[in-house]
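# Got a sequence here, can you build the structure:
(one chain, ligands or ions: 1)
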Amino acid sequence: MKITNLGSQSYASFYVACELYKQMNGDKHSKLGLATGGTMVDVYRFLVELLHKNQLDVSDVITFNLDEYVGLTSNHPQSYHYYMNDILFNQYPYFTTTQTYIPRGDADDLDQEAKRYEQLIDELGPVDIQILGIGENGHIGFNEPGTDLNSPTHIVDLTESTIQANSRYFEHEAEVPKQAVSMGLASILKAKRIILLAFGEKKRAAITKLAQKEVNKDVPATILHAHPNVEIYVDDAAAPF
Ligand code: F6R
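Residues are numbered from 1 along each chain as shown. The predicted structure follows:
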């Protein structure tokens, strides 16, 4: 695992957008693992620009998103379905024919939904590039501290610190869902290549723990030490050195 300080959020986001673009340009059947959240906003903005400029046909690309809040329908403005449509899929016409998968947080049987999603990853994967953000508590996807290191897609109880951190996207903290459906740590590790991004001072503590090179259940992102192909890009504020 390599941690590289690319200086600013813009530089790092552009770099990762180029990597995603190159992947799809090199293989029209690419499979991408996508994340949501503030960290990814500029990555998708740059990616949409690159796609438009080059008119790349991405209709055979498959995408898998990491997670979705339980209880939010896909048209809820804070759902990750809405985020992805708004920021990427509706911004580039070819994505309308692309297979874009996101776990359903409004499924009647959530455990069944988690199983279905993991099966999809196994049938259609493996993912070529998985992009990840990181929580202040070290979560990846919504795998909170203490998550089983072998976990497949599952239902997660969000921690108080995640609920608080994510309340910035909702009008009131009480509106933040208490659970999510999330790819597990084992699901994430199935990807061939993993790129994690972290920006801002609030992420520095988590990146510092990740730099310690030990797998620690209390900092779920440290499971990435068990994967042979992980790159981490940070800005000055999140850099641990
Ligand atoms: C999002 C996800 C989360 C976020 C993390 C950071 O799909 O799985 O792990 O990447 O919570 O969120 P932001 O980028 O909003 O700070």
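# which parts of the helix or strand bottoming out on mean pLDDT in the chain are buried?
Among the helical and strand segments of the chain, the one scoring lowest on mean pLDDT, DSSP states H and E is helix 160-166, with a mean of 92. Judged by neighbour count using 16 or more other C-beta atoms under 10 Å, the buried positions of helix 160-166 are 162-163, 165-166. (Glycine included, C-beta is placed from N, CA and C.)
# Does the ligand have contacts with it?
No: remark: helix 160-166 sits outside contact range of the ligand, by C-beta under 6 Å from any ligand atom, the gap being at least 6.8 Å.
# contacts for that helix?
Outside of helix 160-166, the residues within contact range by C-beta atoms under 8 Å, 6 or more residues apart in numbering are 135-137, 139, 142, 144, 158, 173, 176, 178.
# can you list these in CSV and add secondary structure, neighbour count and distance to the ligand?
Shown next, in CSV, are these (DSSP: H, G, I helix; E, B strand; the rest coil; neighbours: other C-beta atoms under 10 Å; distance: C-beta to the nearest ligand atom, whole Å):
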residue, secondary structure, neighbour count, distance to the ligand
135, coil, 26, 4
136, coil, 16, 8
137, coil, 19, 9
139, coil, 27, 5
142, coil, 27, 6
144, coil, 21, 10
158, coil, 22, 10
173, helix, 11, 15
176, coil, 18, 12
178, coil, 14, 15
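# Quick one: which of those has the lowest pLDDT value?
Minimum pLDDT across the contacts of helix 160-166 is recorded for residue 173, with 91.
# And the residue nearest the centre of the chain, how far from residue 49?
Per C-alpha atoms, centre = their mean, the C-alpha nearest to the average position across the chain is that of residue 35, at 2.3 Å. Plainly put, residue 35 is 19 Å away from residue 49 if you go by C-beta to C-beta, to the nearest Å.
# Also residue 150?
39 Å.
# More neighbours: the two, which one.
residue 49 (15 against 10; other C-beta atoms under 10 Å).
# Now for residue 138, how many residues are close by?
22.
# Next, it: phi, psi?
phi 90, psi 10 (degrees, to the nearest 10).
# residue contacts, it?
Residue 138 neighbours (C-beta under 8 Å, 6+ apart): 145, 206, 209-210, 218-222.
# For it, which non-adjacent residue is spatially closest?
residue 219 (3.6 Å; C-beta to C-beta, 6 or more residues apart in numbering).
# Check whether stretch 1-15 comes near the ligand.
No: judged by C-beta under 6 Å from any ligand atom, stretch 1-15 stays clear of the ligand, getting no closer than 10.6 Å.
# list the contacts for the nearest residue to residue 96 once chain neighbours are set aside?
Ranked by C-beta to C-beta, 6+ apart and with sequence neighbours excluded, the top spatial neighbour of residue 96 is residue 89, at 7.3 Å. Applying C-beta under 8 Å, 6+ apart to residue 89 gives the contacts 95-96, 98, 100.
# Buried members of these into PyMOL, please.
The PyMOL selection below is limited to those of those classed as buried (16+ other C-beta under 10 Å):
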select buried, resi 95+98+100
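# ok, so of the contacts of residue 89, who is nearest the ligand?
residue 100 (14.0 Å; C-beta to the nearest ligand atom).
# Touching, the closest one and residue 59? I think so.
No: with contact defined as C-beta atoms under 8 Å, residue 100 does not reach residue 59; the gap is 11.2 Å.
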